[in-house]
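K.L.:
structure here, sequence nowhere to be found:
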């Protein structure tokens, strides 16, 4: 399965590099980074790109909106704006380019991932010629509409999770922790993260893995992956996760903690 190729147009080098690093860690391929319209157009023409992440304020005579319009004239791909500009005039100009999302800075990597997945899904649906008004859930491809395939499949010591229209194999012991945010959960392994559209309770029920322990309304951890813990938090892969009061007693019972 080919990773989604992301092009970043951003004039703040540190912001662009941090975003690129986070996206690559999550399995995306950063096709290139540009800080001005001319460079962006040259890169876009020469490089396969699946989606654009564009800041409104960039170096040069052309801003991000004008640059995005020029790129989309060359080839249609989904477009997401990442910017600190939220005034009415800028928003109206941005609307003309029909972006999939408009994220205000400071944004979170989780929100960027959600926006990318939604944008890629909606773009794929539009390319399939889905009739207006017909809604296809995020985790289904148009071809899967009749079969209602699950986003998580369990097979012995593995699960297969739906990621960009393919099922990716994950060993249960490789799951480090799961984080919930709104209607999504992020499943974290040592080398990748997977964003799924379902609740934490639904994911734990489908995974059905005895070593997974709910420690907070937003977190569940693999007991075998814990590096250290106390009554307030656990550490997994150098990441500290809080223990909620509601889940503390049940969690500590696993260690005969008194």
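P.N.:
It's in. Given the structure is predicted, the values throughout are model-derived calculations rather than measurements.

K.L.:
what does the domain assignment say about this protein?
P.N.:
The record's domain split for the chain, according to automatic domain parsing, is 5-127, 152-253.

K.L.:
ok now the shortest one, how far from the chain's centre?
P.N.:
Right, the one you point to is domain 152-253. Centroid displacement of domain 152-253 relative to its chain, using C-alpha atoms, centre = their mean, to the nearest Å, is 16 Å.

K.L.:
pretty sure residue 30 is touching residue 23, no?
P.N.:
Yes - Residue 30 is in contact with residue 23 according to C-beta atoms under 8 Å; the separation is 6.0 Å. Yep, even glycine has a C-beta here, placed from its N, CA and C like the rest.

K.L.:
mind checking how far stretch 8-24 is from the chain centre?
P.N.:
15 Å.

K.L.:
return the set of buried residues in it.
P.N.:
Within stretch 8-24, the residues scored as buried using 16 or more other C-beta atoms under 10 Å are 8, 9, 10, 16, 19, 20, 22, 23.

K.L.:
what about residue 94, distance to residue 219?
P.N.:
Residue 94 is 35 Å from residue 219, where distance means C-beta to C-beta, to the nearest Å.

K.L.:
ok, residue 188 next?
P.N.:
10 Å.

K.L.:
list residues touching both of those two?
P.N.:
By C-beta atoms under 8 Å, 6 or more residues apart in numbering, residue 188 and residue 219 have these common neighbours: 177, 178, 179.

K.L.:
can I get the residues you listed in CSV with distance to residue 107, secondary structure and pLDDT?
P.N.:
Output for the shared contacts of residue 188 and residue 219, formatted as CSV (distance: C-beta to C-beta, whole Å; DSSP: H, G, I helix; E, B strand; the rest coil; pLDDT from 0 to 100):
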residue, distance to residue 107, secondary structure, pLDDT
177, 22, strand, 96
178, 22, strand, 94
179, 17, strand, 92
